[in-house]
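*Asks:* model this:
(chains A and B)
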Amino acid sequence: MTNILNEIGIENYIFLSVILFCIGVFGVLYRRNAIIVFMSIEIMLNAVNLLFVAFSTYHQDAQGQVFVFFSMAVAAAEVAVGLAILVSIYRNLGSIDINNLKNLKG
Amino acid sequence: MIHIPDFAHASTVQIIFCFLAFITVITAFLAIFSRNPIHSALYLVISFFSIAGHYLLLNSQFLAIVHVIVYSGAIMILFLFTIMLMNLNKQNEVHKPRITRLGAIVSFCLICIVLILVFINSKPIAGEYIATGEDYQSIKVLGRVLLNEYMVPFEFASILLLTAMIGVVLLSKKEKTEK
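*Replies:* This is a model prediction of the structure:
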């Protein structure tokens, strides 16, 4: 199993990560529900993590996987804070439609 | 130059990779398109599990386990609880205007085509992949790298998580001075 990249090729992992990242961008642009927007951001972070692990195997270096750990810690903190902000927005406005958040528009 | 899997002579690993990649992309799309937020959260759980399968395929077991625990466990439970707290499963979301959705689709196709063409046409810089059989992703090696070279970022990650915890408690606390 150590020569997995000989069988699959690093290019296919790059293409899969690109497609996943684009799906994340598409979700951010397409939906109005703020929770789905957060889920799309998670998809983008996962695409980058997958590419990190693929290149960590490619270079046979553990540092890429260690970086994925830090990325996971940051993602967990980001999701917790973001969802708390969403809950307080929902408590004040009654919806989490991002088109209703126009208070800063002037 | 591009290594396209040959389906007639595909090995088991290639079939597993194609299957996992298909599941990942399809469930990610379904998570975005489904009307009910709970359904999209469940589709996202399936997508995260298949990404953990990719990690297992790349022979990084510890990272796969951590990914399942953190993403499919903690983060998605957080999402589901928030969705249930907000009572959002009424499917009454108004769609964006048609021109915005068309713009989103066009920009998705453009980004995808441009990035994939860039990666197809770019010359490989990293050189050929040679498996040396060296141990680089067991828990022992990962722990050594994490606690020797990345000691200071490790401590900063703990401070980040502590700050996030305090911030979340402060944000979601009900204000008593209201009304």
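*Asks:* tell me if the longest helix along chain A is near chain B.
*Replies:* In chain A, taking DSSP state H as the definition, the longest helix is helix A:63-93. Yes - Helix A:63-93 is in contact with chain B by CB under 8 Å from any CB of the partner chain, via A:63, A:65-66, A:68-70, A:72-81, A:83-88, A:90-91. Backbone N, C-alpha and C define where each C-beta goes, glycine included.
*Asks:* low-confidence regions, chain A specifically.
*Replies:* A:1-3, A:106 (pLDDT under 70).
*Asks:* I meant to write chain B there.
*Replies:* B:1-9, B:88-96, B:123-131, B:133, B:176-179.
*Asks:* how far does the longest helix seen in it sit from its chain's centre?
*Replies:* The longest helix of chain B (DSSP H) is helix B:98-121. Between the centre of helix B:98-121 and the centre of its chain there are 20 Å (CA atoms, centre = their mean, to the nearest Å).
*Asks:* pull the CA atoms of the next helix or strand after it into PDB?
*Replies:* Downstream of helix B:98-121, the first helix or strand assigned by DSSP states H and E is helix B:139-148. What follows is helix B:139-148, C-alpha atoms only, in PDB (Å, rounded to 0.1, in the frame of the first residue of the first chain):
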ATOM      1  CA  ILE B 139       1.500   8.000  15.200                       C
ATOM      2  CA  LYS B 140       5.100   7.800  16.500                       C
ATOM      3  CA  VAL B 141       6.500   9.900  13.800                       C
ATOM      4  CA  LEU B 142       3.600  12.400  13.800                       C
ATOM      5  CA  GLY B 143       3.900  12.900  17.500                       C
ATOM      6  CA  ARG B 144       7.600  13.500  17.300                       C
ATOM      7  CA  VAL B 145       7.200  16.100  14.500                       C
ATOM      8  CA  LEU B 146       4.300  17.700  16.300                       C
ATOM      9  CA  LEU B 147       6.000  18.000  19.700                       C
ATOM     10  CA  ASN B 148       9.500  18.900  18.400                       C
END
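*Asks:* does chain A have contacts with helix B:139-148?
*Replies:* Yes - under the criterion of CB under 8 Å from any CB, helix B:139-148 makes contact with chain A via B:141-142, B:145-146.
*Asks:* next, count neighbours for the residue lying closest to A:V79 once chain neighbours are set aside.
*Replies:* Among residues not flanking A:V79 along the chain, B:I75 sits closest, at 5.2 Å (CB to CB, 6 or more residues apart in numbering or on different chains). Around B:I75 there are 25 other residues, counting by other CB atoms under 10 Å in any protein chain shown.
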